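Undergrad: only the shape, not the letters, is given here:
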């Protein structure tokens, strides 16, 4: 696929196609951010949305392409599964921000990406999928009827989006239905202005835990998917305006260093999000600007913390199931089922960080063994 006529001139358009493409990646954003807010009471989800809105708009103006902004999935999945605190989230965002800004400045992205085996990245994705499935089942069991209805809506939209150019807005629709049901039962929450973001200073313990629990599992995913795969896809879709990996690394670094100390959630780009936005009509940074304004509405709407309690748990369970399935689907594209499967199993048994380290060692042992077998034959 290549860019359409007119896009090569670099304009930002706001059209029906751009608006449709703007919501193409919302199915990843909302489940993770809301799931983190539910299990982590010391975060403010309105600030999550606020910074996502801001960076969607900034990225659209900077790249003039539909470059998505997504939550860092490894960090989100582990926080949801283990209920980690705001300090560890902020610490992880600062660390990954500094790391990827530095890598982007020195031009080290491709060199490092080449040294993380594909099977390890796929194993991390599979492990995250299992963690999210395990967590989602708890929500589903406590609210089976709502979860079943939500899953049905998501499946219908998925089928429709595969056969037509109807955007998959099932996550938004399910969320709005859940909110409406909550208001009908509990009444409207009191109106409150969004509090101004405040500086969060992690403790040394937060930096240690954030590095071990969150940063180490996140780095390979960000390298492989958010940067290298996204860069490659920009050249496929927009040959004259492709974005090099180091540039993507720099924006990931900048937005995390700016946002997470003020209560934002760690964020990155994503090849899957870019493909989804493009498929539904996004061709310019106008889609990002529209997405930013949509998300800003949610930042204002979720300013009262009581809004979170309105949404039935079955809704969250259903949304997390499909985020897990999306990750699991990508994990099947591995070049070593042994390595990928070992990481997935160890993630549930021990934890993702240990699984990642063991997987790296196993992958390199298998590569050495394979090289010796070839040289001896």
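TA: In hand now; what should we look at? Model, not experiment: these values are computed from the prediction.
Undergrad: give me the helices and strands touching the helix or strand of the chain with the lowest mean pLDDT, please.
TA: Using mean pLDDT, DSSP states H and E, helix 109-113 stands out as the lowest-scoring helix or strand of the chain, at a mean of 81. Of the remaining helices and strands, those touching helix 109-113 by 3 or more CB pairs under 8 Å, 6 or more residues apart in numbering; DSSP states H and E are helix 245-259. (Glycine included, C-beta is placed from N, CA and C.)
Undergrad: and the helix or strand following the helix it packs on, what's its mean pLDDT?
TA: As assigned by DSSP states H and E, the chain's next helix or strand after helix 245-259 is strand 267-268. Strand 267-268 shows a mean pLDDT of 96.
Undergrad: got it, and stretch 197-208?
TA: Here the average pLDDT along stretch 197-208 is 95.
Undergrad: i'd like the first residue to be 396 from this point on
TA: OK, 396 is where the count begins now, so the last one is stretch 592-603.
Undergrad: flag the shaky bits of the stretch 596-745 of the chain, pLDDT-wise.
TA: Within the stretch 596-745 of the chain, not a single segment meets pLDDT under 70.
Undergrad: which stretches in it count as helices?
TA: Residue ranges of the helices in the stretch 596-745 of the chain, as given by DSSP state H, counting those that start in this stretch, are 599-605, 611-616, 625-632, 640-654, 666-674, 681-696, 701-705, 708-726, 732-744.
Undergrad: present these as TSV; the columns should include mean neighbour count and distance to residue 578.
TA: Converted to TSV, the helices of the stretch 596-745 of the chain look like this (neighbours: other CB atoms under 10 Å; distance: least, CB to CB, whole Å):
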stretch	mean neighbour count	distance to residue 578
helix 599-605	17	36
helix 611-616	24	36
helix 625-632	20	38
helix 640-654	22	30
helix 666-674	23	30
helix 681-696	21	12
helix 701-705	16	6
helix 708-726	23	14
helix 732-744	20	37
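Undergrad: next, the most centrally placed residue in the chain: phi, psi?
TA: Centre of the chain computed as the mean C-alpha position; nearest residue by CA atoms, centre = their mean is residue 466, 3.4 Å away. Backbone torsions of residue 466, given as degrees, to the nearest 10, read phi -70, psi 150.
Undergrad: equivalent analysis for residue 465, please.
TA: phi -130, psi 150.
Undergrad: who's in contact with the nearest residue to it once chain neighbours are set aside?
TA: Excluding its sequence neighbours, the residue lying closest to residue 465 (CB to CB, 6 or more residues apart in numbering) is residue 665, at 4.3 Å. Counting by CB atoms under 8 Å, 6 or more residues apart in numbering, residue 665 touches 420, 423, 463, 465, 620-621, 625.
Undergrad: let's see 6 Å
TA: With contact set as CB atoms under 6 Å, 6 or more residues apart in numbering, residue 665 has these partners: 463, 465, 621.
Undergrad: what's the neighbour count on the last one?
TA: When counting by other CB atoms under 10 Å, one arrives at 27 neighbours for residue 621.
Undergrad: just give me the neighbour total for the spatially closest residue to it that is not a sequence neighbour.
TA: Of all residues not flanking residue 621 in the chain, residue 663 sits nearest, at 3.8 Å (CB to CB, 6+ apart). Using other CB under 10 Å, the number of residues around residue 663 comes to 27.
Undergrad: hang on, residue 655 packs against residue 486?
TA: No: at 8.5 Å, residue 655 does not count as touching residue 486 under the criterion of CB atoms under 6 Å.
Undergrad: more crowded one of these two?
TA: residue 486 (28 against 25).
Undergrad: which ones are touching the closest residue in space to residue 688 that isn't next to it in sequence?
TA: Of all residues not flanking residue 688 in the chain, residue 448 sits nearest, at 7.1 Å (CB to CB, 6+ apart). Residue 448 makes contact with 687, 690-691, 694 under the criterion CB under 6 Å, 6+ apart.
Undergrad: can I get those residues in TSV including distance to residue 494?
TA: Conversion of the contacts of residue 448 to TSV gives the following (distance: CB to CB, whole Å):
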residue	distance to residue 494
687	26
690	26
691	29
694	27
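Undergrad: among those, which pair sits farthest apart?
TA: 687 and 694 (10.1 Å; CB to CB).
Undergrad: residue ranges with poor pLDDT in the stretch 396-545 of the chain?
TA: 396-405.
Undergrad: residue 623: neighbouring residues, count only.
TA: Neighbours around residue 623, by other CB under 10 Å: 22.
Undergrad: what about the closest residue to it other than its chain neighbours, how many residues nearby?
TA: In space, and not counting its chain neighbours, residue 623 is closest to residue 508: 4.7 Å by CB to CB, 6+ apart. For residue 508, the neighbour count with other CB under 10 Å is 19.
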